[in-house]
Every structure is written in C-alpha cells, then in structure tokens.
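> Kindly generate the corresponding structure for this input.
(one chain, ligands or ions: 1)
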Amino acid sequence: MREIVLKTPSCDSVIYCGAGAFDEYAPSVAGEQLFVVTDTNVYELYEKLIKKTFGEKIFVLEAGEESKNPENLLKILRAMLDGGMRRNCRVIAFGGGVVGDIAGLAASLYMRGVRLTQVPTTLLAQVDSSVGGKTAVDMGGVKNILGAFYQPEKVVCDPRFLDTLPEREIKCGLGEIVKYGALDGNIYSKLMDNAGNLAARSFLEDIIYDCVAYKAEVVKKDERDLSGARKALNLGHTTGHAFELYYGGKSHGECVLIGAYYELYIARKYGICGGYYADNLEKLILGVLKAKPVCADADKAAQIAVHDKKNDDENISLIVPEREGVCREIKIGLTEYKTLLAECARAAGGGK
Ligand SMILES: NC(=O)c1ccc[n+]([C@@H]2O[C@H](COP(=O)([O-])OP(=O)(O)OC[C@H]3O[C@@H](n4cnc5c(N)ncnc54)[C@H](O)[C@@H]3O)[C@@H](O)[C@H]2O)c1
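Residues are numbered from 1 along each chain as shown. The predicted model follows:
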C-alpha cells in the first residue's frame, strides 16, 4: 500500500492506494460516530464487511445515476439528523462515483461540513471521482448542476473491490485511465507496454496509483478549477458528456473514450496531433472500446455539447491531445464542430 497526501488550501487529504489499504485504514475509525452511504449492488456484496467495519448506520441508495438527485440528497441528510449524527461524525462513501458524489455533497452540507472518507469501489471512482473534492447531484436532466468542492479527509483505494466489478465497469474505468494516458507521458508508456492486458489486476493496481498521483498534482495546483490546470482533466469530456446523453445507456468512462476518439479526430484535422502518437492513441482507445464508436446523428450529439458547462461562450471548448504528455484547449464554432463530428462518424461507419 502506498500513500499520497493531497495538500489543498481546504485540507490535507490522505489517499491510501493498493492491496491491503482497506484493512489498514479500517481500525483508525473505530470509536467514531460513522454514517455510511452505499448503493443496493454494493450493499448486497459487502453488507457484512460494511456492518463489521463501520456499524449499522447505513443509507442504501438505489444503484444508478438516477439516484444522484436532490431528493435523495435530502433523504440522506434527514437520515443523518434522525440518526443523531453530531458535528464530529464521519460520512463513509462506500461505492462508485454516484455514491461518492452524493455522499460527499451530504457531508459538505450537514452542520456546514463533517468529516468524509471515500471508499471507492469502482475502477472509475478509484482513479478519478473519489479524489479532488468535486461533489454533486444532477437536477432537471443536467449533470452535476448542484455541487460543492469538499475534500475527503481520507480516500481508501483498495483493488480488492475490483474483484466483484462487472467487465463493463472495468471498461468504464479504463476509459478514464486512457484519458490520463493522453495527459501524462509516464502513464502513456505504461499503457503502451501493457496494451494487450489492461484489465489485468497487477497492471490496474499499479496504474491506479499513477492516475491518483497525477490527479492529486493537478488538484493541488487548481483545487477549485479556476486557473485552468484542472481543465486538462476534461480531455474527451465535452464530446463524451454529449454522447452520454445522446446514447442514454452507455457508461461515463466509455463515453469519455468515445469523446476522446472524436476529439482526437478533430485534433488531427487541425494538424495539432499526428503521426505515430495519434495512431497509437487511437489504437489504445479502440483497444478498450473494441469497435469504432458509431453515431447515427452527429448533429444531435453536437447540439447537446453546446450546453456543456465547460463552454464559456458560444464556442465548443475541447481539450485535445497534442503530443506525448501534452494537451491543449481549443475552441471551435458549432457549425465546424458539427461538420467534424459527422465526418468522424462517417469514417467510423455510421452517421448521415
Ligand atoms: N467527482 C468527480 O470528480 C467525478 C469524476 C468522474 C465521474 N464522476 C461521477 O461518477 C459517476 C460514475 O461513477 P461510477 O462509474 O463509479 O458509477 P456508479 O457509482 O454508478 O457504479 C457503477 C456500477 O457499479 C456498481 N458497483 C460499484 N462498486 C461495485 C463493486 N465493487 N462490485 C460490483 N459492483 C459495483 C454500482 O452499484 C453501479 O451499478 C457519475 O455520476 C459521474 O458524474 C465524478
């Protein structure tokens, strides 16, 4: 197990990464007043462990993104109040990104903020959502529209939880890992060296640490997403979020990869990224996706991207890969964006 300390103006967040992290962390909360938030799938698998480690004050959300809503947020807060939670209590977010985001927001609101531990149980939550303090719920069909920056005091990234994760969720986490590969040369090299075997447990254990360490460095420089450093983490996300809404049923990480595929096409078109590097990145993306991402109506997907909160004017803002370990932000007009998405969709074998 390795430790990363993420120092921000709000607090020092300690992240434990690796096999044994959970067992090492668990005794440290004995005697504290604890409130666990989890979801139905995770509870079914880990009820015994949760109860033995953290006690009986548990709120179980229905699994799925639809649960990340203001009504459930209020239900969690109400249950904390009814359960007699005091200012020195600790919220344990035990689950994937959905649980982490809503429980984190609840922890930030209850009595103006109580201690928070994230125990991420999906690959995506381990490499991304549990670290950095972004918490949120969705409202009115808009993702993450209500939220706060609230750093967890502790994050426990133990790969043991990946053993029960369905393949689809591993793929979802790999989506974010490939994103880190486009941002960081070291992660990129490791991905290239293990391209045929990215889902292997030993590889994942190692790469989770690298991704978390990378994200922690970025968050340290720009905790509240103000200076631009944190923007880079949005590679693939503008188009990815649009595809998430467009397709409906695909996972966040998979859509990030689809977004990265389309945005790589755009970077190539503008001459920003090319040669072996662009070819290799495309192979990495397709290696995880398994097939070229088809989009039957690129106009519709592009129209959704207009509403992305990362755009600060009428242009579409994208973080695109440039060369190994280097990305840059570009802004393009909607008409141009639509044309390029449609071109890429046709090249992928679909589109009008
Ligand atoms: N806060 C951030 O910085 C940030 C970053 C990226 C994504 N997110 C958010 O994270 C969410 C997506 O997270 P996610 O992909 O973890 O989704 P999720 O929380 O919905 O989990 C995916 C599925 O895996 C199940 N699951 C979780 N752990 C399991 C385990 N160990 N074994 C078996 N099944 C398990 C869940 O019940 C669920 O069905 C989105 O809401 C997204 O907006 C937040």
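
> how close does Gly181 sit to the ligand?
From Gly181 across to the ligand, the span is 16 Å (CB to the nearest ligand atom, to the nearest Å). C-beta here means a position set from N, CA and C on the backbone, and glycine is covered the same way.

> whoops, I mixed them up, Leu340
Taking CB to the nearest ligand atom, one finds Leu340 at 25 Å from the ligand.

> That residue and Leu264 touch, don't they?
No - with contacts counted by CB atoms under 8 Å, Leu340 stays clear of Leu264, the gap being 11.2 Å.

> send the alpha carbons of the longest helix seen in the chain over as CSV?
Criterion DSSP state H: the longest helix present in the chain is helix 201-221. The C-alpha trace of helix 201-221 is given here as CSV (Å, rounded to 0.1, in the frame of the first residue of the first chain):
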residue,chain,number,x,y,z
ARG,A,201,-5.2,-6.9,-11.8
SER,A,202,-1.5,-6.4,-11.3
PHE,A,203,-1.5,-3.7,-14.0
LEU,A,204,-4.5,-2.0,-12.6
GLU,A,205,-3.0,-1.9,-9.1
ASP,A,206,0.0,-0.1,-10.4
ILE,A,207,-1.8,2.3,-12.7
ILE,A,208,-4.4,3.3,-10.1
TYR,A,209,-1.6,4.8,-8.0
ASP,A,210,-0.2,6.7,-11.0
CYS,A,211,-3.5,8.1,-12.0
VAL,A,212,-4.3,9.2,-8.5
ALA,A,213,-0.8,10.7,-8.1
TYR,A,214,-1.3,12.6,-11.3
LYS,A,215,-4.7,13.9,-10.4
ALA,A,216,-3.5,14.9,-6.9
GLU,A,217,-0.8,17.0,-8.5
VAL,A,218,-3.3,18.8,-10.8
VAL,A,219,-5.8,19.4,-8.0
LYS,A,220,-3.0,20.8,-5.8
LYS,A,221,-2.4,23.5,-8.4
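
> Briefly note if it comes near the ligand.
No - judged by CB under 6 Å from any ligand atom, helix 201-221 makes no contact with the ligand; its nearest approach is 8.7 Å.

> for that helix, packing partners?
Packed against helix 201-221, as judged by 3 or more CB pairs under 8 Å, 6 or more residues apart in numbering; DSSP states H and E, are the following elements: strand 2-7, strand 12-17, strand 154-157, helix 167-183, helix 185-193.

> how distant is the shortest one from the center of its chain?
Spelled out, it's strand 154-157. On the basis of CA atoms, centre = their mean, to the nearest Å, strand 154-157 sits 15 Å off its chain's mean C-alpha point.

> Of all the residues in stretch 1-12, which ones are buried?
Met1, Ile4, Leu6, Thr8 (16 or more other CB atoms under 10 Å).

> any idea which of these is the one closest to the ligand?
For the buried residues of stretch 1-12, the closest approach to the ligand (CB to the nearest ligand atom) belongs to Leu6, at 12.8 Å.

> Glu223 is in contact with that closest one, correct?
No - using CB under 8 Å, Leu6 is not in contact with Glu223; the gap is 9.1 Å.

> Identify the contacts common to the two.
Residues touching both Leu6 and Glu223 by CB atoms under 8 Å, 6 or more residues apart in numbering: Gly132, Gln151.

> What is the helix or strand Val99 falls within packed up against?
In the assignment (DSSP states H and E), Val99 maps to helix 97-109. Helix 97-109 is packed against strand 34-39, strand 58-61, helix 70-82, strand 90-95, strand 115-120, strand 134-139, strand 142-149, with contacts defined by 3+ CB pairs under 8 Å, 6+ apart.

> and Ile177, which of these is closest to it?
Of all the helices and strands packed on helix 97-109, strand 115-120 sits nearest to Ile177, with 13.8 Å by CB to CB.

> That closest one vs the ligand: in contact?
No - contact of strand 115-120 with the ligand (CB under 6 Å from any ligand atom) is absent, the minimum separation being 7.3 Å.

> Could you list every helix and strand in contact with that strand?
Judged by 3+ CB pairs under 8 Å, 6+ apart, the packing partners of strand 115-120 are strand 90-95, helix 97-109, strand 154-157.

> In TSV: those, plus distance to the ligand and mean pLDDT.
Below are those laid out as TSV (distance: least, CB to the nearest ligand atom, whole Å; pLDDT from 0 to 100):
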stretch	distance to the ligand	mean pLDDT
strand 90-95	5	98
helix 97-109	2	98
strand 154-157	12	98
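
> so can I have JSON lines of these showing mean neighbour count?
Listed next are the helices and strands packed on strand 115-120 as JSON lines, based on neighbours: other CB atoms under 10 Å:
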{"stretch": "strand 90-95", "mean neighbour count": "28"}
{"stretch": "helix 97-109", "mean neighbour count": "27"}
{"stretch": "strand 154-157", "mean neighbour count": "26"}
